[in-house]
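S.K.: Attaching a predicted model along with its sequence, questions to come.
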Amino acid sequence: MSVENAPVVDVDEAAIPVEKKMYYRFESNDKKEFRVSELAIQQSETLNRLVEAMGYTSEDVENKPAIAIENIDGKTLKLVFQWCEHHKGEAIPVDDGSVPKIVEIPEFDAKLMDIDNGLLFKLIWAADYLNIVQLLNVSCKKVANMAQGKTPAQLRRVYLLPSDEEDEAAKRAAQEAQDPRAREVEEEFEERKRQGGNSFF
Amino acid sequence: MSSLLDLPNTALAELLKKLDFVSIQRLRKTCYDLRNRIYDFKPDPSLTKLSIRIEPFVIYNHFWYEDDDCCNEYYNDEKGCAVLYYEMYKRKKKMLENVDFIEVACNNMKTILVYQKSLLENFTIEFHNGSRDGKEGNLENTATNFFNCLALHNFKLKVKTFQATVTNQNQILNVICGLDPEFLVNLTIKNTNGNSENLEELEIGELVKTEQWKRAEVVNILNFVVDFELEDFVHFQVVYIAVKTLAMEDIISVKEEKLLTSSSLQLFKIRFEQCQNEIDLIESFGQPLITSDQVGQKRSHWYFKASSAETFVSIVLYSYQIIFQRNHISNLPSNALLL
């Protein structure tokens, strides 16, 4: 019995048939396709809004082209959707400003994030872009844990950061390539460096 | 290759929330880009405790965070400023040429204090005399430069317990102005020169006018004598002070005006070097109950009814101090006469 044919009065909610489980198709920027359940998509505020706005039927999902996510590659998107499927149906944490500093990383997430740091940063980027609150939480926690007890030099290696000298050289090269007269910008940069630099031991 | 620098600000903010302040400071040292981006976030160092010690040729500071601590020493050196600090439990030294040690110390403290938004449980500042190469230093000069440079009046630090070891009122005033009066509960003032037979006098005329004084709940003034004006102390719950001479009128007025009527005052201890004759008290309060403490010191006790039926007020007079205390009626000794 469909909802339309049910009597107007006396609607028993339990009697409304469960909607058929719906899957959506997404495509990464390197043309890898993923099928993701509706419930898993709810973990991502961005995607959830998108599919709601599209209002696809099950037929549309199959007939229309996959929804393109243009700035995330397949390798990263695979991790994102694996995470969403595993945590589907879970409540999304609300950021009320009193964010607790203690974030537990579940075993599944720890295994999922057992990847090289470059990919981990891409995963964080994706979690932020797709607005997946809890994935952003655990991935940032993992990155934060890496910093414990490390010197600036060690942090540079772990976080794949350039040293001040490399940073400066790269900037100068970029500026000169772009505009040889970019002295003003460089001077302002130097000024900020003087203000911010060398003030903590 | 993706690096930490590729993260958008929202993700970086999320990461900074999960890092302790010391890690954030180390992260600031990795590269310019990150330093500038962290600067924009103004992360709260969540200091729990801060202690500063000022000597004529050295400034020490010690910062305690939730699960870490860090201390630095800034020395006045012929060439400039020598900084001693710890990195990974190793003591290190850095020489900064042609700079003033006070300026370096203050600038570094500012970079941390300016971000402190949460409650600082404990803030201790100490002023001490000291010498270098046999040369006596001028503490007053160093202190003045320190205050000018740190400009604490620009801060509104939320401090619960403030302890100052000083030589004069001015030093307290220059620090207390940087504390948010709404949060200050405990105030302790100690004498730099320690205990002595004849205690030095501490002027408090300006201090008692500050909002911080008026809103604090507990005051301890150690190894100083003060000029005692009852009105300046009536709002406290606990008072511990010393005076040169305790006059009977003061004792009677503390009892009448303060203890019997006020609901806030719990304990009022006054040490004195001299006290006017005890007989005056017997005349006004009646015969005391006399006891001896463990070392045989004689004590006179009086007990009074308080405004609330559940409490009573006791006055205990020793040869060197008098203690006024509010107590629950169940603690009244059985042989006591309630006046």
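M.R.: On my side now, so go ahead.

S.K.: next one: phi and psi at the residue nearest to residue B:179 when sequence neighbours are not counted?
M.R.: When the adjacent residues along the chain are set aside, residue B:179 lies closest to residue B:159, with 4.8 Å between them (Cβ to Cβ, 6 or more residues apart in numbering or on different chains). C-beta coordinates here come from the backbone N, C-alpha and C atoms, glycine included. Note on residue B:159: backbone dihedrals following degrees, to the nearest 10 are phi -120, psi 130.

S.K.: Spit out the contact partners of the residue nearest in space to the middle of chain A.
M.R.: Centrality entry for chain A: nearest residue to the mean C-alpha point is residue A:127, 1.2 Å, by Cα atoms, centre = their mean. Residues in contact with residue A:127 (Cβ atoms under 8 Å, 6 or more residues apart in numbering or on different chains) are A:80, A:135-136, A:139, B:11.

S.K.: try 10 Å this time
M.R.: Shown here is residue A:127, whose contacts under the criterion Cβ atoms under 10 Å, 6 or more residues apart in numbering or on different chains are A:43-44, A:76, A:79-80, A:83, A:133-140, B:11, B:14.

S.K.: which among these gets closest to residue A:106?
M.R.: For the contacts of residue A:127, the minimum distance to residue A:106 (Cβ to Cβ) is 7.6 Å, reached by residue A:138.

S.K.: does that closest one sit in a helix, a strand or a coil?
M.R.: When the structure is split into helix, strand and coil by DSSP: H, G, I helix; E, B strand; the rest coil, residue A:138 lands in helix.

S.K.: isn't it right up against residue A:107?
M.R.: No. Judged on Cβ atoms under 10 Å, residue A:138 makes no contact with residue A:107 at a distance of 11.4 Å.

S.K.: Pick out whichever of those two has more residues nearby.
M.R.: The residue with more neighbours, out of residue A:138 and residue A:107, is residue A:138; 24 against 7, by other Cβ atoms under 10 Å in any protein chain shown.

S.K.: how much space between that one and residue B:142?
M.R.: In this structure, residue A:138 lies at 50 Å from residue B:142, with Cβ to Cβ, to the nearest Å as the measure.

S.K.: same question, residue A:40
M.R.: Spatial separation of residue A:40 from residue B:142 under the definition Cβ to Cβ is 64 Å.

S.K.: now swap in residue B:164 and tell me
M.R.: Using Cβ to Cβ, residue B:164 is found at 16 Å from residue B:142.

S.K.: Leaving out sequence neighbours, find the closest residue to residue A:75.
M.R.: Counting by Cβ to Cβ, 6+ apart, residue A:119 is the residue found nearest to residue A:75 once chain neighbours are left out, at 6.7 Å.

S.K.: Residue B:241 too?
M.R.: For residue B:241, the closest residue by Cβ to Cβ, 6+ apart turns out to be residue B:221, at 4.9 Å.

S.K.: before we move on, what about residue B:94?
M.R.: In this structure, residue B:94 finds its nearest non-sequential neighbour in residue B:83, 4.6 Å apart by Cβ to Cβ, 6+ apart.

S.K.: Pretty sure that neighbour sits in a strand.
M.R.: Yes. The assignment for residue B:83 by three-state DSSP puts it in a strand.

S.K.: hey, what's it bridged with?
M.R.: residue B:74, residue B:94 (DSSP bridges).

S.K.: That one reaches residue B:72, doesn't it?
M.R.: Yes. Because the distance of 6.2 Å satisfies Cβ under 10 Å, residue B:83 is recorded as touching residue B:72.

S.K.: Mutual contacts of the two, please.
M.R.: For the pair residue B:83 and residue B:72, residues contacting each of them under the criterion Cβ under 10 Å, 6+ apart are A:201, B:94, B:104-105, B:108.

S.K.: Out of those residues, which comes closest to residue B:329?
M.R.: Checking these against residue B:329 with Cβ to Cβ, the nearest one is residue B:105 at 53.7 Å.

S.K.: as a whole number, average confidence for the helix or strand harbouring that closest one?
M.R.: Using DSSP states H and E, residue B:105 sits within helix B:101-113. Averaging pLDDT along helix B:101-113 yields 91.

S.K.: So which elements touch that helix?
M.R.: The helices and strands touching helix B:101-113, judged by 3 or more Cβ pairs under 10 Å, 6 or more residues apart in numbering or on different chains; DSSP states H and E, are helix B:21-28, strand B:49-54, strand B:58-64, strand B:69-76, strand B:80-87, strand B:90-97, helix B:139-150.

S.K.: low-scoring pLDDT stretches of chain A, where are they?
M.R.: With pLDDT under 70 as the threshold, chain A has low-confidence stretches at A:1-20, A:95-101, A:167, A:175-201.
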